[in-house]
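Participant: could you work out the structure for the sequence below:
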Amino acid sequence: MIYKEERIGDATLRFYVLSNYSEIDIKRRRAMVLICPGGGYHFCSNREAEAVAIRFNSMGYNAAVLFYSTAPFDSYDEIPDSWEGVWPKPLEELAASVAYIRTNADELNTDKDKISVLGFSAGGHLAASIGVFWPKYGEKCRPNALVLCYSVITSGPLAHEGSIRNLIGNRSSLREKVSLEKQVSGLTPPSFIWTTRTDHSVPYENSVLFKQALDRFGVRNEFVLYEGSGGHGYSLGTDEVSSSKHPGVVSEVHDWPERTDSFLVSVFGSKF
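Facilitator: Sure thing, here's the model as predicted:
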């Protein structure tokens, strides 16, 4: 395995790249999954980082995790009225990361036309943002697919206000721009979307709004709504990612990586 880190501005891009072998295929170029952890735009959750990368490695994907810039507050209650938000810095870091992977695809044993951006919660908002705004940054920054996991999408009545406040602060003029269901176009990449009906932090309707927008533009997508059990931030739903705030196993969501794999293979034709 190739394990390395690159600085992308103030962000860190960490790679988990599977090695090639002459016994199998020394020239193999795999699909890459670029992961954006959640954390309400005030941190990047390790529960949604390395364990997820290794899970996708186990299915034959190269993986990377972007630890993007976030707001400097420990809680949503600490956000001052004077805060102007981190927008668009995380998006610029993600755009540069996609471009880095595409430019260095051979070194990373990666197929430059099979780059997916996967995000959780606020990281899902970031992933969806590059999905809708990539034309501003150019073709090298275009994801070939999106994977959106219980994602923050809207800044409307169903918004996760903490994420939106960290993102844009007091710049109310940006609220409509970061309401991503309003920014979808026919250029938005094919998307796999999953969430849980009982999510108590980011209402499942966020994901529904994005799916409906994709449908209006005829963009290929698959939407999975798990019944859930009231939680948020399930990640893989395994013991590996359990914590004091996210205890135990959530077996209902265990199959989302396999469903994602099936969707990506159907979009790309193969993962390598």
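
Participant: when you work out contacts or count neighbours from here on, use the C-alpha atoms and nothing else.
Facilitator: Will do.

Participant: so which bits of stretch 56-70 are buried?
Facilitator: 56-57, 60-70 (16 or more other Cα atoms under 10 Å).

Participant: go on, stretch 32-51?
Facilitator: In stretch 32-51, counting by 16+ other Cα under 10 Å, buried: 32-51.

Participant: CA-only coordinates of it in PDB, if you can.
Facilitator: Provided in PDB are the C-alpha atoms of stretch 32-51 (Å, rounded to 0.1, in the frame of the first residue of the first chain):
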ATOM      1  CA  MET A  32     -10.500   6.400  -6.300                       C
ATOM      2  CA  VAL A  33     -12.900   7.300  -3.400                       C
ATOM      3  CA  LEU A  34     -12.100  10.700  -1.900                       C
ATOM      4  CA  ILE A  35     -13.700  11.000   1.500                       C
ATOM      5  CA  CYS A  36     -14.900  14.200   3.200                       C
ATOM      6  CA  PRO A  37     -15.600  13.400   6.900                       C
ATOM      7  CA  GLY A  38     -18.500  15.200   8.700                       C
ATOM      8  CA  GLY A  39     -18.300  17.400  11.700                       C
ATOM      9  CA  GLY A  40     -20.600  20.300  11.200                       C
ATOM     10  CA  TYR A  41     -17.900  22.400   9.500                       C
ATOM     11  CA  HIS A  42     -16.200  22.700  12.900                       C
ATOM     12  CA  PHE A  43     -14.100  19.600  12.800                       C
ATOM     13  CA  CYS A  44     -13.400  16.500  10.600                       C
ATOM     14  CA  SER A  45     -14.600  13.300  12.300                       C
ATOM     15  CA  ASN A  46     -12.000  10.500  12.500                       C
ATOM     16  CA  ARG A  47     -15.000   8.100  12.700                       C
ATOM     17  CA  GLU A  48     -15.700   8.900   9.100                       C
ATOM     18  CA  ALA A  49     -12.100   8.900   7.800                       C
ATOM     19  CA  GLU A  50      -9.600   6.100   7.900                       C
ATOM     20  CA  ALA A  51     -12.000   3.200   8.800                       C
END
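
Participant: make sure Ser97 is actually in contact with Ile8.
Facilitator: Yes. With contact taken as Cα atoms under 8 Å, Ser97 and Ile8 are classed as touching, separated by 6.7 Å.

Participant: and Tyr3, backbone torsions?
Facilitator: Per-residue torsions, Tyr3: phi -120, psi 120 (degrees, to the nearest 10).

Participant: pLDDT score for it?
Facilitator: Per-residue pLDDT puts Tyr3 at 96.

Participant: please shift the residue numbers so they start at 160 in all later answers.
Facilitator: All set: I'll call the first residue 160, so the last point we hit is now Tyr162.

Participant: I'd guessed it sits against Glu209; true?
Facilitator: No. Tyr162 is beyond contact range of Glu209, at 11.4 Å (criterion: Cα under 8 Å).

Participant: so what's the nearest residue to Ile327 once chain neighbours are set aside up against?
Facilitator: Leaving aside its sequence neighbours, Ile327 sits nearest to Gly244 (Cα to Cα, 6 or more residues apart in numbering; 4.0 Å). By Cα atoms under 8 Å, 6 or more residues apart in numbering, the contact set of Gly244 is Ala230, Arg324, Asn325, Leu326, Ile327, Gly328, Asn329, Arg330.
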